[in-house]
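*Asks:* sequence and predicted structure below; questions after.
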Amino acid sequence: MPYPIPLPTPPPIVQVESNPSIDFKPLISEQNPHLSPVVTLNTPDSPLPAPLQAAKKAELLATPDLVSDRPREAIRAAQVESVAPPISEEVQNTPPKTQSTPNIETPSTPPAQSIEIPVETAPNTTQPSNVAPVSSRIVELNADRQEYDQQRQIVTAEGNVVVRLNGGVIDADSLQVNLSNRIAVGQGDVAVTRGEQVLRGERFTYNFVQNTGELLNASGEIFIPSASQDLSLNLATDVSAGGVSANPPSDRITANQPRQNVTTSGGIGINVGAGNDINNVALPQQGGEVRRLSFKAQQVQFYPQGWQAQDVTITNDPFTPPELELKADTVTLTRETPQRDRIVTTRQRLVFDQGLSIPIPRNETVIDRTEREVTPGLFQIGLDDNERGGVFIERNFSPISNEQVQLTLTPQFFAQEALLESGGNVLDPDLYGLRSKLQANLGERTQVRGRASITSLDLSQLEDNFRASLRLNQTIGSVEAPHQLTVEYSYRDRLFNGSLGYQTVQSSLGGVVTSPVSALGTTGIALSYQAGAQLINAESDRADLLEVQRESDRISLSRLQASIALNRGFAIWEGTSLAATPTEGLRYTPAPVVPYVSLFTGLKGVSSLYSSGDSQNTITGTIGVQGQFGHFSREFFDYTGFNVSFSQDIRGGLSPFLFDRAVDNKVLELGLVQQVYGPFRLGIQASLNVDTGENISTDYILEYSRRTYGVAFRYNPVLALGSLNLRISDFNWNGGSSLFSDSEVKPVLNGVRQTND
């Protein structure tokens with residue numbers, strides 16, 4: 001049912017007959033069967049004020065075909081109306097005098113029908129003197145019962161009230177709309193939904209013109225968009241043993257569990273230091289892509305681009321009482337784009353299990369599709385014996401952060417080296433370092449990524465302490481199965497090549513095309529491939545390629561490389577997960593654990609050709625088994641995860657470089673994760689060269705896992721790296737001293753460089 005909302009300064013309106021009246025009969029013509037119930041003329045059922053009749057008569061005069069089934073006498077009667085002279089602003093702001101009429105209750109509106117309230121806005125063009133302004137915004141009002149008070153110009157709706165306006169929906173038990181000042185007041189169980197954001201409360205006030213409002217005793221949800229596409233260079237179907245990854249074995253094992261009718265959200269990983277595991281399998285994302293955080297607030301003021309709340313509690317826990325809460329005196333959420341929200345807080349702190357409270361110095365964050373490095377505390381702690389002298393601390397900040405460009409800077413202080421080697425001289429430039437990360441979106445299918453790190457501020461040694469890379473990613477091909485074209489320049493890349501250990505590539509310039517995963521018919525076999533060309537300057541031990549008089553053992557060669565990988569998995573056994581409740585399936589994990597055992601096989605071929613005339617060709621076969629038992633719900637020994645795999649190469653030729661030389665022909669990989677008590681788990685992940693018995697890499701992991709957060713300490717004595725990682729579910733944050741990320745250590749498998757970003 002249309003109710004007019006007068007303008008602050010309305011134009012002259014049409015005079016009406018002495019006894020105006022309307023009815024509520026639906027007006028549906030053959031040409032317009034979709035119209036909602038509208039107002040028609042000349043029935044004695046429900047008197048309404050003159051402005052409504054003037055607006056309606058103007059609409060009918062402009063579109064007479066809409067009333068083809070009504071008497072034409074009504075139209076002719078409307079055409080004889082005369083125009084009132086202009087009135088002063090003072091008079092205009094006075095409600096029009098109308099016939100005194102008692103409150104009239106309209107018939108109940110069926111749920112399938114809607115009653116529309118046109119919200120009038122100031123006209124942009126000069127209106128004809130005999131036509132009232134035409135509405136430019138429509139507000140739909142549905143309710144079990146509606147009343148209109150003509151004298152006070154108030155619409156009252158009760159029972160299952162639903163209002164749709166400006167792209168949002170408001171639900172309430174009762175609602176009153178004042179047509180004079182264009183303000184609505186709702187009470188009861190109120191819900192305001194705008195896009196994916198939901199606000200609930202006991203009472204709300206809304207201004208139709210300004211599109212602003214206030215909600216008392218509010219609660220709601222913050223929508224987190226799905227993650228952006230994967231831009232890594234890895235062969236997604238490569239299951240070869242060996243290498244280095246940033247994920248602990250428990251994450252890999254759980255990520256590969258069978259899918260059941262249980263979903264969870266993504267998470268935030270705050271990495272302090274770094275860790276590694278050895279699989280390099282592309283991890284499938286668990287659960288759905290829509291993620292939410294819930295919040296409560298004493299008061300919320302919302303406006304077109306966001307809201308501001310006082311005395312706020314935000315949690316990622318769907319259960320009560322929550323395990324983890326972010327509390328703040330005020331929270332301001334601003335919708336910058338449909339896929340990007342900015343949150344600013346004051347006096348914020350993390351509260352664990354309703355007790356331990358930790359202040360957070362960071363008062364601003366962004367929630368969008370971009371994975372972000374976040375430091376909730378004052379600093380982070382890492383361990384790097386090779387380049388940073390042991391234990392160091394760091395903290396990151398983002399001087400540039402928007403949807404197109406994000407620049408993150410991370411100053412570092414080498415604490416252990418300062419205590420043991422510099423005698424506490426904090427002015428020594430060798431005690432300081434810096435990491436930086438650049439992400440820029442040049443378009444929907446084009447991204448630029450840059451990384452750099454300095455392990456000493458002594459500029460005279462910059463050549464030996466500086467590493468950098470700049471990468472352009474271009475998505476090519478169809479949207480359903482796109483290829484990735486990557487053009488990259490890197491300076492002093494730090495690579496890890498199995499038994500040969502750390503290797504540094506002085507410079508590299510080239511491009512790589514990586515395919516999506518393709519299924520080979522109905523065989524269950526998955527395939528991916530890549531091909532590239534690079535100009536490389538790196539170390540070699542080939543005397544015939546090295547100059548007699550030289551300053552280093554580096555040589556410069558071009559390389560053409562192509563690789564292809566296939567894999568096939570076989571389910572051996574699958575159990576069932578527990579119910580997704582806080583005492584069963586979700587007691588210690590963000591997603592219920594599904595017991596399973598599976599077998600996987602893989603085949604990979606790599607061919608590398610060098611401008612020196614050398615070549616290196618390998619075919620690698622892999623077979624392995626992985627699984628998990630228990631549900632990680634009881635106090636003792638209710639979870640055991642494991643993985644065992646073996647890879648063997650058939651090799652022809654040898655690379656003239658050291659960084660991509662295939663030397664580990666037989667590799668055995670072993671992993672075990674065991675719950676010991678409650679949320680505590682111990683794990684070990686190791687890979688061995690079977691021919692020599694050499695330990696390629698070993699990780700020791702201690703985890704404290706909860707439904708909404710987790711802490712993991714990891715140490716790798718072979719690589720001399722350690723980490724302390726904090727996970728908080730349902731955010732897009734990932735930060736800390738990510739020494740095993742693509743910026744620091746890149747693994748090489750069978751001559752093919754992997755990425756961990």
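*Replies:* Cool, got the structure. None of these values were measured; they are calculated from a predicted model.
*Asks:* contacts, neighbours, all on C-alpha from now
*Replies:* Will do.
*Asks:* for residue 559, see how far away the residue nearest to residue 540 when sequence neighbours are not counted is.
*Replies:* Using CA to CA, 6 or more residues apart in numbering and skipping residues adjacent in sequence, the residue nearest residue 540 is residue 657, 4.7 Å away. For residue 657, the distance to residue 559 equals 11 Å [CA to CA, to the nearest Å].
*Asks:* list the buried residues in the host helix or strand of residue 563.
*Replies:* Residue 563 belongs to strand 554-574 when assigned by DSSP states H and E. For strand 554-574, burial by neighbour count (16 or more other CA atoms under 10 Å) applies to 554-569, 574.
*Asks:* which residue ranges of the stretch 651-757 of the chain form strands?
*Replies:* 666-677, 680-689, 695-705, 709-716, 721-729, 734-736, 746-749, 752-753 (DSSP state E, counting those that start in this stretch).
*Asks:* now do the buried residues in the longest one.
*Replies:* Translated: strand 666-677. For strand 666-677, the neighbour count (16+ other CA under 10 Å) marks 666, 667, 668, 669, 670, 671, 672, 673, 674, 675 as buried.
*Asks:* enumerate every residue touching the nearest residue to the fourth one once chain neighbours are set aside.
*Replies:* Counting by CA to CA, 6+ apart, the nearest residue to residue 669 once its immediate chain neighbours are dropped is residue 687, at 4.3 Å. When the contact criterion is CA atoms under 8 Å, 6 or more residues apart in numbering, the partners of residue 687 are 241, 242, 278, 667, 668, 669, 670, 695, 696, 697, 698.
*Asks:* so what's the closest residue to residue 524 other than its chain neighbours bridging to?
*Replies:* Nearest residue to residue 524, sequence neighbours excluded (CA to CA, 6+ apart): residue 568, at 6.1 Å. Counting by DSSP bridges, residue 568 is bridged to residue 601.
*Asks:* what does the pLDDT read for residue 705?
*Replies:* pLDDT recorded at residue 705 is 93.
*Asks:* what's the burial count for it?
*Replies:* Neighbourhood size, residue 705 [other CA atoms under 10 Å]: 21.
*Asks:* gap between residue 251 and residue 641?
*Replies:* Per CA to CA, residue 251 is found 10 Å from residue 641.
*Asks:* of those two, who's got more company?
*Replies:* residue 641 (24 against 12).
*Asks:* out of the strands of the stretch 651-757 of the chain, the one nearest residue 379 is which?
*Replies:* When the strands of the stretch 651-757 of the chain are compared by CA to CA, strand 734-736 sits nearest residue 379, at 8.7 Å.
*Asks:* so what's the model's average confidence on that closest one?
*Replies:* 40.
*Asks:* and if you look at stretch 431-440?
*Replies:* 93.
*Asks:* got the CA coordinates for that stretch in CSV?
*Replies:* Provided in CSV are the C-alpha atoms of stretch 431-440 (Å, rounded to 0.1, in the frame of the first residue of the first chain):
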residue,chain,number,x,y,z
LEU,A,431,71.7,-6.0,14.4
TYR,A,432,68.9,-4.7,12.2
GLY,A,433,67.1,-5.9,9.2
LEU,A,434,64.0,-5.2,7.1
ARG,A,435,61.4,-7.3,5.2
SER,A,436,59.0,-5.8,2.7
LYS,A,437,56.1,-7.1,0.6
LEU,A,438,54.2,-5.4,-2.2
GLN,A,439,50.9,-6.5,-3.7
ALA,A,440,49.3,-4.6,-6.5
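*Asks:* any idea how far the residue nearest to residue 722 when sequence neighbours are not counted is from residue 544?
*Replies:* Distances taken as CA to CA, 6+ apart put residue 715 closest to residue 722, at 4.3 Å, once the chain neighbours are dropped. Distance, residue 715 to residue 544, by CA to CA: 40 Å.
*Asks:* more neighbours: these two, which one.
*Replies:* Under the criterion of other CA under 10 Å, the comparison of residue 715 against residue 544 puts residue 715 first, with 22 against 8.
*Asks:* okay, and the beta partners of the more buried one?
*Replies:* In this entry, residue 715 is beta-bridged to residue 700, residue 722, by DSSP bridges.
*Asks:* residue 172 and residue 160 touch, don't they?
*Replies:* Yes: counting by CA atoms under 8 Å, residue 172 touches residue 160, with 6.5 Å between them.
*Asks:* out of the two, name the residue with the larger neighbour count.
*Replies:* Set residue 172 next to residue 160 and count neighbours by other CA under 10 Å: residue 172 wins out with 26 against 17.
*Asks:* secondary structure element for the more buried one?
*Replies:* Going by DSSP H and E, residue 172 is part of strand 168-178.
*Asks:* quick one, domains of this structure?
*Replies:* 22-210, 249-290+361-753 (automatic domain parsing).
*Asks:* and the ones you listed, which one is worst for confidence?
*Replies:* With a mean of 57, domain 22-210 has the lowest mean pLDDT of the domains of the chain.
*Asks:* residue 250 in helix, strand or coil?
*Replies:* The three-state label given to residue 250 by DSSP: H, G, I helix; E, B strand; the rest coil is helix.
*Asks:* isn't it up against residue 641?
*Replies:* Yes: the criterion here is CA under 8 Å, and residue 250 meets it with residue 641 at 6.8 Å.
*Asks:* any shared contact partners between those two?
*Replies:* residue 673.
*Asks:* quick one, what contacts the residue nearest to residue 540?
*Replies:* Residue 657 neighbours (CA under 8 Å, 6+ apart): 538, 539, 540, 541.
*Asks:* mind checking which of those residues are in strands?
*Replies:* Among the contacts of residue 657, DSSP state E puts 538, 539 in strands.
*Asks:* may I ask which of the contacts of residue 657 has the most neighbours?
*Replies:* Top of these by neighbour count (other CA under 10 Å): residue 538, with 22 neighbours.
*Asks:* now the phi/psi pair for residue 416, please.
*Replies:* Main-chain torsions, residue 416, degrees, to the nearest 10: phi -60, psi -40.
*Asks:* can you tell me how far it is from residue 456?
*Replies:* Applying CA to CA to residue 416 and residue 456 gives a distance of 15 Å.
*Asks:* would you mind naming the residues that bridge with residue 198?
*Replies:* Beta-bridge partners recorded for residue 198 (DSSP bridges): residue 193, residue 221.
*Asks:* ramachandran coordinates for residue 462?
*Replies:* Per-residue torsions, residue 462: phi -60, psi -40 (degrees, to the nearest 10).
*Asks:* how close does the nearest residue to residue 158 once chain neighbours are set aside sit to residue 164?
*Replies:* Take residue 158 and drop its neighbours on the chain: the residue closest to it by CA to CA, 6+ apart is residue 174, 4.4 Å away. Distance, residue 174 to residue 164, by CA to CA: 15 Å.
*Asks:* brilliant, that's me finished.
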